[in-house]
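**Q** predicted model, plus sequence, below.
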Amino acid sequence: MPTTASWRQAIVVGASSGIGAAVARRLAEAGTRVALVARRPSELDAVARAITEATGDPARALVFPHDVTAGGEVPALLQRICHALGGLDLLVYAAGIMPRIGADEYDLDKDRAVMEVNVVGAMAWCNPVADRFARAGAGTIVGISSVAGDRGRRGNPAYHASKAALDTYLEAVRNRVARHGVRVVTVKPGPVDTPMTKGMEKLPLLVSADAAAAELLAGAARGHHTVYVPAKWRPIMFVIRHIPSFVFRRLDI
Amino acid sequence: MLPAERLERVSSWGGATSAMSWVYRPTTVEGMRDVFSLARAEGRSVGLRGAGQSYGDAATNAENVCLDTSRMTRILDWDPGTGRIRAEPGVSVRQLWQYTIEDGWWPPVVSGTMHVSLGGAAAMNIHGKNNWKVGTIGEHIEAFELLLPSGELVRCSREERPDLFHAAIGGFGMLGCFTSITLRMKRVHSGLLEIEPVPVRSLDEMVDTVEGRLADADYLVGWMDTFGRGAGLGRGLVHHANYLPDGEDRCAAQTLRVVNQELPPTLMGVVPKSMMWALMRPFTNDPGVRLVNEAKYRMSRFEGHRRYRQSHAGFAFLLDYVPDWKRAYGPGGLIQYQSFLPTETARAVYREILERSHRAGLTPYLGVFKRHRMDPFLMTHAVDGYSLALDFKVTAGNRRRLWEHAAALTRVVLDAGGRFYFAKDSTLTAPQLERYLAEERVQRFLALKRTLDPDALLQTDLWRRLFTSKET
């Protein structure tokens, strides 16, 4: 049974804050060399510095600034990162955005940005990594989706759609590469205390980013294909998924 | 950017480590040059790989280019009068003996498997079961052509560039890539060898038996029951083999035919050998190997010294009887720990290695004992003494312990003046080798490497593990 420590080299996309930063720290502390990928270099450097301080190893975390909406850069960047790390066992795609939108707001620019980061960016990274892992006959891809992908709530249509698209994409990739010994894990957190949820009210079962990171890595290491974080979301979402649509639209959830 | 479709998983032979590399299999010297240029342009190093039979990471080069010579398999010149053969580096030992045996010639030095490449054999300077008598394969190489990292092709022999000749042989692919090798074969007068099995009850008896037969034998090899303890520690079976003198084999033309050298297609008459590894798998654990070893040892004592004749291939290539036998070790693979020790310290050290392994609960599953002598190559692994090669099963659960165990054994071996062999090694580290690296001839080798390959174009995972400081 693989443990966190058996991942020797990992890429975390969206490592500058939130769940991504927490996952990167957890991996690094367990001995994994981590490539930190995100848009903002200064925040990446801060995460890398924290890892160096915690582990005493300046080579444990490497910084690669990159904007996930520039998907064309990924194949070459992936080669550079793998060369620098000396290999790759794990990709964690943790980049994601959730713009605030009003109750009756329909803003195509915001929606497009959500799809670009949450879905197209994930494809830009997972496609070449899946190809590489299939050639290697091993590897783990972890996509950070959300419980939001399970239903289309009224609050944020594009965000829910993006997570549903990500779920289906990850499932399809999983079905493609499973025969090569590659694992694809869909992580579905509920509300997590990160910059994304800052200032929002009424967040049920809120957990810290670090607790979410620990739980999702443990689930991925155990070989689960879908990991709810925290695990109680699994029965809750089971019920919510089965609420008939005509009832669901009348509920304030 | 390198083309994604070239990316392949490249494993150590033992399967305990692997790497992703961009693999190129050129068929010409020009093609090799192109691979060098491509790697330079991409800022990658090139790891040379022959048949990939090194147990550890000597032919893997993670996240860089792998130049695989296995498509360069032409015999360029063969003179059955003198036994001189010139061949490309990807030619295997199998191809070599099959090409020459019907003319009455056999490779002077062969490894326990015939699947090694000639280029790899020269780069590792392999030895056989006749090492104390005829030396390493390098001593039978007359000349070679080497493609340097600069792209220049140079010819080396004992007369032309003798410094490079003695460095590139045994140079584990760090100075250049062989493009052709000229080897002197050994005249044989029969396709058969005369074999005498000699059961031995202890390590001392093993050493004494081998030592007592050095003058008479052409080949000597000891199989060790690694589970033997106490008075039976190091017990096993020595095989003593001799060539037949001219005229002894009246059917020489017949026994020298390739078909009469082929290994049997089935084992014990019924099991197809391609399936055998799967049948071995349930026994590849402590109780299983203990049982099989015990049975083999008892049988050998029962059968005693009964002599028999066996084909060259049948005697030399014991490791090829069961194709893919490494798969019997399971997904973790295996590592081989082979230490070379001078005659004065060998007995005590091998006793300690076996006892420590028993105490650690890490008993090797195969032990092979051989006699060696010194050779004139810079990066030699040779000693005037013995080697003991031990195969350890690697599992997810024992991996860390096994590497720690190997490190402990390495301290004992180095303190006793021992050496190691890059074709086998998986566990050494740069700090352990400090004293070895300080040796004058190693320093000469490294100076040559800096001159011929200033940007370190040629690298492997083993090179980075042992020769570059503080690389992770």
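**A** Great, that's in hand. Since the model is a prediction, treat every value here as computed from it, not as a measurement.
**Q** so what's the residue in the stretch 101-250 of chain A that chain B sits nearest to closest to, chain neighbours aside?
**A** Closest to chain B within the stretch 101-250 of chain A is A:Ala136: 4.9 Å, counting by CB to the nearest CB. No exception for glycine: its C-beta is placed from N, CA and C like everyone else's. Sequence neighbours aside, B:Arg9 is the residue nearest to A:Ala136 in space, at 4.9 Å (criterion: CB to CB, 6 or more residues apart in numbering or on different chains).
**Q** give me the sheet partners of the host helix or strand of the one you found and which way each runs.
**A** If you go by DSSP states H and E, B:Arg9 is part of strand B:7-11. If you go by DSSP bridges, strand B:7-11 pairs up with strand B:18-24 (antiparallel).
**Q** which residues touch residue 169?
**A** In the absence of a named chain, chain A is used. A:119, A:122-123, A:126, A:143 (CB atoms under 8 Å, 6 or more residues apart in numbering or on different chains).
**Q** you looked at the wrong chain, it should be chain B
**A** B:122-123, B:125, B:138, B:141, B:144, B:377 are the contacts of B:Ile169 under CB under 8 Å, 6+ apart.
**Q** return the distance of it relative to B:Tyr329.
**A** 31 Å (CB to CB, to the nearest Å).
**Q** can you name the next helix or strand after the helix or strand where A:Tyr169 lies?
**A** Assigned by DSSP H and E, A:Tyr169 belongs to helix A:157-177. Scanning forward in sequence from helix A:157-177 by DSSP H and E, the next helix or strand is strand A:183-189.
**Q** the strand holding B:Arg9: which residues count as buried?
**A** Across strand B:7-11, burial judged by 16 or more other CB atoms under 10 Å in any protein chain shown covers B:7, B:10-11.
**Q** and which of the residues you listed is nearest chain A?
**A** B:Leu7 (5.3 Å).
**Q** just the mean pLDDT for stretch B:183-192, thanks.
**A** Averaging pLDDT along stretch B:183-192 yields 97.
**Q** where are the low-confidence patches of the chain?
**A** Using chain A here. A:1-5 (pLDDT under 70).
**Q** sorry, I should have been clearer: chain B.
**A** B:469-472.
**Q** show me what from it comes close to chain A.
**A** Chain B has residues B:1-2, B:4, B:7-9, B:19-20, B:44, B:62-64, B:396, B:472 near chain A, with proximity defined as CB under 8 Å from any CB of the partner chain.
**Q** run a quick neighbour tally on the residue of the stretch 101-250 of chain A closest to chain B.
**A** Using other CB atoms under 10 Å in any protein chain shown, A:Ala136 has 20 neighbouring residues.
**Q** quick one: name the residues of the stretch 51-200 of chain A near chain B.
**A** So far as CB under 8 Å from any CB goes, the stretch 51-200 of chain A lies against chain B at A:59, A:75-76, A:79, A:82-83, A:85-88, A:128, A:131-132, A:135-137.
**Q** out of the residues you listed, which end up buried?
**A** A:75, A:79, A:82-83, A:85-88, A:128, A:131-132, A:135-136.
**Q** now, these that are in helices?
**A** A:75, A:79, A:82-83, A:85, A:128, A:131-132, A:135-136 (DSSP state H).
**Q** how about the secondary structure of residue 37?
**A** Let's take chain A. Following DSSP: H, G, I helix; E, B strand; the rest coil, A:Val37 is assigned to strand.
**Q** that's the wrong chain, I wanted chain B
**A** helix.
**Q** so A:Ala48 touches A:Pro65, yeah?
**A** No. At 11.3 Å, A:Ala48 does not count as touching A:Pro65 under the criterion of CB atoms under 8 Å.
**Q** who's more crowded, the two?
**A** The neighbour count for A:Ala48 versus A:Pro65, taken as other CB under 10 Å, is higher for A:Ala48 (21 against 16).
**Q** that one sits in which helix or strand?
**A** helix A:41-55.
**Q** got a list of what the residue of the stretch 101-250 of chain A closest to chain B touches?
**A** A:182, B:9, B:20.
**Q** now do it against A:Gly223, distance only.
**A** From A:Ala136 to A:Gly223 the distance is 17 Å (CB to CB).
**Q** and stretch A:62-70, end to end?
**A** Here the two ends of stretch A:62-70 are set 20 Å apart, with distance taken as CA to CA, to the nearest Å.
**Q** now do the buried residues in that stretch.
**A** Quick answer for stretch A:62-70 (16+ other CB under 10 Å): A:62-66, A:68.
**Q** residues near B:Trp61, how many?
**A** Heads up, residue B:61 is Asn, not Trp. For B:Asn61, using other CB under 10 Å, the count is 30.
**Q** could you pull up phi and psi at the closest residue to B:Ala87 other than its chain neighbours?
**A** Distances taken as CB to CB, 6+ apart put B:Ile75 closest to B:Ala87, at 4.9 Å, once the chain neighbours are dropped. Main-chain dihedrals, B:Ile75, degrees, to the nearest 10: phi -90, psi 120.
**Q** how many neighbouring residues does B:Ile75 have?
**A** By other CB under 10 Å, the burial measure for B:Ile75, its neighbour count, is 15.
**Q** how close does it sit to B:Gly191?
**A** Counting by CB to CB, the gap from B:Ile75 to B:Gly191 is 20 Å.
**Q** how about B:Ala456, secondary structure?
**A** coil.
**Q** what sits against it?
**A** B:45, B:449.
**Q** separation between it and chain A?
**A** For B:Ala456, the distance to chain A (CB to the nearest CB, to the nearest Å) stands at 14 Å.
**Q** would you mind measuring from that residue to B:Glu5?
**A** 27 Å.
**Q** now swap in A:Arg39 and tell me
**A** On the measure of CB to CB, A:Arg39 and B:Glu5 end up 30 Å apart.
**Q** look at those two and report which has more neighbours.
**A** A:Arg39 (16 against 9).
**Q** leaving out the residues flanking it, which one is nearest to the more buried one?
**A** A:Asp67 (4.7 Å).
**Q** doesn't that neighbour belong to a strand?
**A** No. According to three-state DSSP, A:Asp67 belongs to no strand; its state is coil.
**Q** isn't it right next to A:Pro41, touching?
**A** No. A:Asp67 is beyond contact range of A:Pro41, at 11.0 Å (criterion: CB under 8 Å).
**Q** residues contacting A:Gly181?
**A** A:Gly181 touches A:137-138, counting by CB under 8 Å, 6+ apart.
**Q** backbone dihedrals for it, please?
**A** phi 80, psi 20.
**Q** what angle separates the helix holding A:Tyr169 from strand A:183-189?
**A** 160 degrees (axes from the mean of the first three to the mean of the last three CA atoms, to 10 degrees).
**Q** where along the stretch 251-400 of chain B do the helices fall?
**A** Remark: helices assigned in the stretch 251-400 of chain B by DSSP state H, counting those that start in this stretch are B:252-255, B:273-280, B:286-303, B:312-316, B:343-360, B:399-415.
**Q** how about the second one: buried residues?
**A** By 16+ other CB under 10 Å, the buried positions in helix B:273-280 come out as B:273, B:276-277, B:280.
**Q** what helices or strands is that helix leaning on?
**A** Applying 3 or more CB pairs under 8 Å, 6 or more residues apart in numbering or on different chains; DSSP states H and E, we find helix B:273-280 packed against strand B:266-267.
**Q** in its sheet, what does the strand it packs on sit against?
**A** strand B:271-272 (antiparallel).
**Q** contacts for the strand it pairs with next, please.
**A** B:265-266, B:279.
**Q** ok, now with 6 Å
**A** B:Thr266 (CB atoms under 6 Å, 6 or more residues apart in numbering or on different chains).
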